[in-house]
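Colleague: Structure, please.
(one chain, ligands or ions: 1)
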Amino acid sequence: MDDFRLRVERVKTKLIENPESVLNHFKLDYVNKGNRLVLRCPVHSGADNESAVSVMLDGYVGCWSCFTRFCNDEFGGDLLGLVWGILTNRQNKKPLFGEVLTYCEENIGIGEATAGDTDFVRLCNTLNKEIDEHKILGKREQLIKTLQIPSPYFLAKGFTPEILTKFSIGDCHNPQKPMHNRAVCPVFDETGQFVIGCAGRRIPEKDYLKKWKFSYGLKVGSYFYGLWEAKQRILETSRAIVVEGQADVVWLHENGYNETVGLFGANLTDNQLKLLNKLGIMNLVILMDGDEAGREASDRIKTKTQDYFNTRIIHLSEGQDPDDLDPQELNSLL
Ligand SMILES: [Zn+2]
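Modeller: I've put the predicted structure just below:
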């Protein structure tokens, strides 16, 4: 690691040691909620609510989010980014990153390196490690040429051609392909331009096949189905709706709930939680299937996420899935 990078790691590590001292240094008013510090955003100007910013004290220690203007996107979601944002606000111009680093070293109690620092550097590297990168398999326009879009299977289930085309969902008739005899829901990266995998639903005549098949190498625990379509609305509304299945996602989008994403199952992993944090959401709606497994999953997800977001579980009646609900039922629940 070069000297500059080492300085960055040391400063970040020292800031993480005591997030409160950072806020105290800038004489900011905040409330300690146990697992996080809550305050008015010290980065953007103008009217703001008193709990616009959260600085985490456990889990992703030192990560901060500005829920009203997403200031963390511009400066970086760690404490060094927060300092950068505060200095920018106070000086009315954006200092260079190196100046921010020097400011921290000289002003926020960060002295010479000591032997004990290596552990903190390691901790810091772990915290900063990016969520699993997805391997790009090809371009969207290439994949869609291989499918019969809109999928006859999903059309028969009552989905419109428009929504199936929007999600590029089509049946695969090519015996050379792993998704042969399946209705394929491609999984795209966050830009929507590149394919990172596929989820294929067996079609009715082939009921000896496993119901859903995921393409090899797709990291379902580090992503959400439909994120490329949902991201914009999630950022606009600070709300995400999580559902279990691909069809649930498409059905909710069909009905205007574009902030819906799918878990590829009934589990919310640490990486998926990290993704939600990165999106800066405030409200999380949990809409699992109406069965025993769905109810248990809802409770698990609520326990895991309630320290980070306002979390609401919607319970469906026994045997009911989100894609069974008609528009009126959806409206009254959501
Ligand atoms: Zn802000």
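Colleague: thought Asp58 was touching Pro19?
Modeller: No. Counting by CB atoms under 8 Å, Asp58 does not reach Pro19; the two are 10.8 Å apart. In this view, the C-beta of every residue, glycine as well, is placed from N, C-alpha and C.
Colleague: which of the two has more neighbours?
Modeller: Here Asp58 and Pro19 are compared on neighbour count by other CB atoms under 10 Å; more neighbours surround Pro19, at 22 against 9.
Colleague: residues touching the more buried one, list them.
Modeller: Shown here is Pro19, whose contacts under the criterion CB atoms under 8 Å, 6 or more residues apart in numbering are 37, 55, 57, 61-62, 79.
Colleague: try it again with 6 Å
Modeller: Neighbour list for Pro19: 55, 62 [criterion: CB atoms under 6 Å, 6 or more residues apart in numbering].
Colleague: same deal with Glu292?
Modeller: Contacts of Glu292 by CB under 6 Å, 6+ apart: none found.
Colleague: how close does it sit to Ser298?
Modeller: 11 Å (CB to CB, to the nearest Å).
Colleague: now Pro19: how far from Pro204?
Modeller: 55 Å.
Colleague: now the helices: where do they sit in the stretch 1-150 of the chain?
Modeller: Per DSSP state H, counting those that start in this stretch, the stretch 1-150 of the chain carries helices over the ranges 3-17, 19-25, 71-75, 79-91, 97-107, 117-128, 140-144.
Colleague: I'd like those helices as a markdown table, with mean pLDDT and distance to the ion appended.
Modeller: Formatted as a markdown table, these follow (pLDDT from 0 to 100; distance: least, CB to the ion, whole Å):
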| stretch | mean pLDDT | distance to the ion |
| --- | --- | --- |
| helix 3-17 | 84 | 18 |
| helix 19-25 | 89 | 14 |
| helix 71-75 | 90 | 3 |
| helix 79-91 | 93 | 7 |
| helix 97-107 | 89 | 17 |
| helix 117-128 | 48 | 21 |
| helix 140-144 | 92 | 34 |
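Colleague: For those, please prepare CSV with the additional fields distance to Asn271.
Modeller: Output for the helices of the stretch 1-150 of the chain, formatted as CSV (distance: least, CB to CB, whole Å):
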stretch, distance to Asn271
helix 3-17, 20
helix 19-25, 23
helix 71-75, 19
helix 79-91, 21
helix 97-107, 27
helix 117-128, 13
helix 140-144, 24
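Colleague: out of the ones you listed, nearest to Asp171?
Modeller: Nearest to Asp171 among these is helix 140-144; the distance by CB to CB comes to 12.2 Å.
Colleague: ok, and what's touching that closest one?
Modeller: Looking at what lies outside helix 140-144 - CB under 6 Å, 6+ apart - the contacts are 168, 186, 193, 195.
Colleague: Which strands or helices does the longest strand seen in the chain pack on?
Modeller: What stands out as the longest strand in the chain, according to DSSP state E, is strand 194-202. Under the contact definition 3 or more CB pairs under 6 Å, 6 or more residues apart in numbering; DSSP states H and E, strand 194-202 sits against strand 182-188, strand 212-214.
Colleague: could I get those strands as JSON lines with distance to Gly245?
Modeller: Shown next, in JSON lines, are the helices and strands packed on strand 194-202 (distance: least, CB to CB, whole Å):
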{"stretch": "strand 182-188", "distance to Gly245": "9"}
{"stretch": "strand 212-214", "distance to Gly245": "8"}
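Colleague: Figure out the helix or strand that Asn277 lives in.
Modeller: Remark: Asn277 resides in helix 270-278, with elements defined by DSSP states H and E.
Colleague: Ala240 too?
Modeller: Element membership for Ala240 (DSSP H and E) is strand 239-243.
Colleague: Tell me what angle that strand forms with helix 270-278.
Modeller: Going by axes from the mean of the first three to the mean of the last three CA atoms, to 10 degrees, strand 239-243 is angled at 160 degrees with respect to helix 270-278.
Colleague: If we go by neighbour counts, what in strand 239-243 is buried?
Modeller: Within strand 239-243, the residues that count as buried by 16 or more other CB atoms under 10 Å are 239-243.
Colleague: and which of these is nearest the ion?
Modeller: The nearest member of these to the ion, counting by CB to the ion, is Arg239 at 18.1 Å.
Colleague: so where's the stretch 101-250 of the chain shaky on pLDDT?
Modeller: Scanning the stretch 101-250 of the chain for pLDDT under 70 picks out the ranges 109-132.
Colleague: Which residue does it have closest to the ion?
Modeller: Closest point on the stretch 101-250 of the chain to the ion, by CB to the ion, is Ser238, at 12.6 Å.
Colleague: what about that residue, distance to Leu333?
Modeller: In this structure, Ser238 and Leu333 are 19 Å apart, going by CB to CB.
Colleague: Comparing those two, which residue is more hemmed in?
Modeller: More crowded of Ser238 and Leu333, by other CB under 10 Å: Ser238, with 19 against 13.
Colleague: who's in contact with the more buried one?
Modeller: For Ser238, the contact set (CB under 6 Å, 6+ apart) comprises 67, 281-282.
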